[in-house]
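In: 3D model of this:
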Amino acid sequence: MPLSNVLDVDDTIVAIGTPSSPAVRGAVRISGPQSMHVARVLGVQPTNERLAHQVDAEIDLGAPLGSLPVQALLWPTGRSYTGQPSMEIHTIGSLPILQAVVQQATRKGCRAARPGEFTLRAFLAGRLDLTQAEAVLGVIDAEGRQSLDHALRQLAGNLSQPIESLRSELLDLMADVEAGLDFVDEDIQFISDHDLVSRLLVVKDAVQSTQQQLTSRGRAVASWTVALRGLPNAGKSRLINALADQEVAIVADVAGTTRDVVAVSTTVGPYDVTLVDTAGIESVEGESAEQQIAQQAQRHAARAGSDAQIRLWCVDWQDPDRQAIVDRLTELAAEKRRSSIDLWVATKGDLLSATELYSLEQDQHWTVTSSQSGLGVDHLRGLIQQAIEKLDASSGNAVASTAARCGDSLAAAQVAIDTAIHLVRGQDGHEYVCSELRLAAAALGEVTGAVYNDDILDRVFSRFCIGK
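Out: Numbers count the residues shown, from 1 in each chain. Below you'll find the predicted structure:
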């Protein structure tokens, strides 16, 4: 349904604001100019005309439910989430009871709210910009700690503030150029062409960087994947058990105990992580059934390594062919098809001599571990967390829905800025430069909602559920 039908904020709206599953507590949300009138006719008497406050009351739901004890939170003025007088009615989290409260509110003058209408009103009242409104949905839909962190940072303005700063710079430049047009006969310039191009190049680079981060964020997943790679009997299975702090992979002193990909979910610091154990790397030839199974295991292992954001390359430091193994793994690591981080792990550290152990510990390229004694396991977890933090930072601070929506607007801004730079350098007339700057500023305004239309709002708020 087009959101142009709900841009009229004079209606007072009502909806259940909590999940429909049974719970100890549930809430009904009301917002609009008549919220306090509706409160009174429902039996909730506000006790303060200016400040937010709480009132205990009873609402008559009629037969067969009768009188319902409730706790009402009231915002008599516009200092609420929606920027309007609002009320939340808290009571038993029974869906039929909550529906009965909504029904009573609609009888007293409310209209049933549509999906996302409460947050839409917050946006229209200037309480949130468009990226912050999307962040509300990001908080609701977060599937892990990092997804929640992205949404909370965006809700705090970490995306909209830099975008608005760039838009403000474009508007300032446009004002300087337009002022110069007013004094063209007097040959007065408020900004030189050199300074104009220099400042536009800075804005262009910042817009391009933001677009790259949002593109990366659009590909983000709820859980980070860490794949263990190495030759057979390199200690990968013991290491994944140690990292996961549980027995998830078969362990034996013979090579080849892992034939298929083994995955386990765990946490590393605040991050949700999937650890993946893979078959040992080896060349398998032949047509027998066993050889075909082994070949398939190699393909699965290679795919798991390619798909992982972090790869642990495990080497048994006691292996007499250690240097050849390291060379082979280094070649494989260079063939990665995506942005990932490689960590190099010397396993079975409990079997090393004191001299070997000291030498390795001085080499920052390698992390020494022992799954038997626990040596280096916590340190390796710390390195994995640092790697995730690095990848997470490069993916930007935007929720995925914002990344998907804003790509076209940021691209349009870059094109307009490029055109403006070309026009300035070609001495093609500053009136055309102003036109391109106006287009670029409008494109950035679409990101935050400073410039919007029904299609943009529909794209954002149609994803919300009723009551949000």
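
In: Stretch 296-303: which residues count as buried?
Out: Under the neighbour-count criterion of 16 or more other C-beta atoms under 10 Å, stretch 296-303 has A297, Q298, A301, A302 buried. In this view, the C-beta of every residue, glycine as well, is placed from N, C-alpha and C.

In: and if you look at stretch 304-324?
Out: 304-305, 308-317, 319.

In: Redo those as a markdown table? Include pLDDT and distance to R50.
Out: Below are the buried residues of stretch 304-324 laid out as a markdown table (pLDDT from 0 to 100; distance: C-beta to C-beta, whole Å):
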| residue | pLDDT | distance to R50 |
| --- | --- | --- |
| A304 | 82 | 61 |
| G305 | 82 | 62 |
| A308 | 88 | 56 |
| Q309 | 89 | 52 |
| I310 | 93 | 54 |
| R311 | 93 | 60 |
| L312 | 93 | 60 |
| W313 | 92 | 64 |
| C314 | 94 | 65 |
| V315 | 92 | 70 |
| D316 | 92 | 72 |
| W317 | 88 | 72 |
| D319 | 89 | 76 |
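
In: can I assume Q132 is in contact with L152?
Out: No. At 10.6 Å, Q132 does not count as touching L152 under the criterion of C-beta atoms under 8 Å.

In: out of these two, which sits in the more crowded spot?
Out: Q132 (24 against 16; other C-beta atoms under 10 Å).

In: Please name the residues that touch that one.
Out: Q154, L155, G157, S160 (C-beta atoms under 8 Å, 6 or more residues apart in numbering).

In: Kindly tell me how buried the last one is, as a neighbour count.
Out: Read that as S160. Neighbour tally, S160, other C-beta under 10 Å: 24.

In: This structure - how does it break down into domains?
Out: 3-128, 154-218+398-449, 224-394 (automatic domain parsing).

In: confidence score at P320?
Out: Note on P320: pLDDT of 88.

In: same deal with V451?
Out: pLDDT, read off for V451, is 74.

In: That one contacts R438, correct?
Out: No. V451 is beyond contact range of R438, at 10.6 Å (criterion: C-beta under 8 Å).

In: Find residues that contact each of the two.
Out: Joint contacts of V451 and R438 (C-beta under 8 Å, 6+ apart) do not exist.

In: wait, what's in contact with the residue nearest to F464 when sequence neighbours are not counted?
Out: Distance criterion C-beta to C-beta, 6 or more residues apart in numbering; nearest residue to F464, sequence neighbours excluded, is G116 at 3.0 Å. Taking C-beta under 8 Å, 6+ apart, we find G116 in contact with V460, F461, S462, R463, F464, C465, K468.

In: Format these as TSV; extra columns: pLDDT.
Out: Putting those into TSV (pLDDT from 0 to 100) gives the following:
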residue	pLDDT
V460	73
F461	77
S462	72
R463	73
F464	76
C465	78
K468	75
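
In: What segments of this structure are strands?
Out: 13-16, 23-31, 53-60, 67-75, 86-93, 111-112, 224-230, 262-268, 271-277, 310-316, 341-347, 366-368 (DSSP state E).

In: From what I see, A133 and Y452 are in contact.
Out: No. The pair A133 / Y452 is not scored as a contact, 10.8 Å apart, by C-beta under 8 Å.

In: Those two: which has the busier surroundings?
Out: A side-by-side neighbour count of A133 and Y452, using other C-beta under 10 Å, places A133 first with 25 against 16.

In: ok, so what distance separates that one from T210?
Out: 18 Å (C-beta to C-beta, to the nearest Å).

In: count of neighbours near L51?
Out: Counted with other C-beta under 10 Å, L51 comes out at 11.

In: Show the contacting residues for it.
Out: P76.

In: pLDDT score for it?
Out: L51 is given a pLDDT of 93.

In: just to revisit the earlier point, redo the contacts of G116 as JSON lines? Include distance to G26 and neighbour count.
Out: Below are the contacts of G116 laid out as JSON lines (distance: C-beta to C-beta, whole Å; neighbours: other C-beta atoms under 10 Å):
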{"residue": "V460", "distance to G26": "26", "neighbour count": "24"}
{"residue": "F461", "distance to G26": "23", "neighbour count": "23"}
{"residue": "S462", "distance to G26": "25", "neighbour count": "13"}
{"residue": "R463", "distance to G26": "23", "neighbour count": "15"}
{"residue": "F464", "distance to G26": "18", "neighbour count": "20"}
{"residue": "C465", "distance to G26": "15", "neighbour count": "15"}
{"residue": "K468", "distance to G26": "14", "neighbour count": "20"}
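
In: quick one: D129 from G157, how far?
Out: 8 Å.

In: Give me the more crowded residue out of those two.
Out: D129 (22 against 17).

In: give me the low-pLDDT residue ranges for the stretch 151-300 of the chain?
Out: 182-189, 215-223, 248-260, 283-286, 289, 291 (pLDDT under 70).

In: What segments of it are helices?
Out: For the stretch 151-300 of the chain, the helices defined by DSSP state H, counting those that start in this stretch cover 160-182, 193-218, 236-244, 289-307.

In: what angle separates the second one from helix 160-182?
Out: This means helix 193-218. 150 degrees (axes from the mean of the first three to the mean of the last three C-alpha atoms, to 10 degrees).

In: same thing with the last one?
Out: Here the directions of helix 289-307 and helix 160-182 differ by 50 degrees (the same axes, to 10 degrees).
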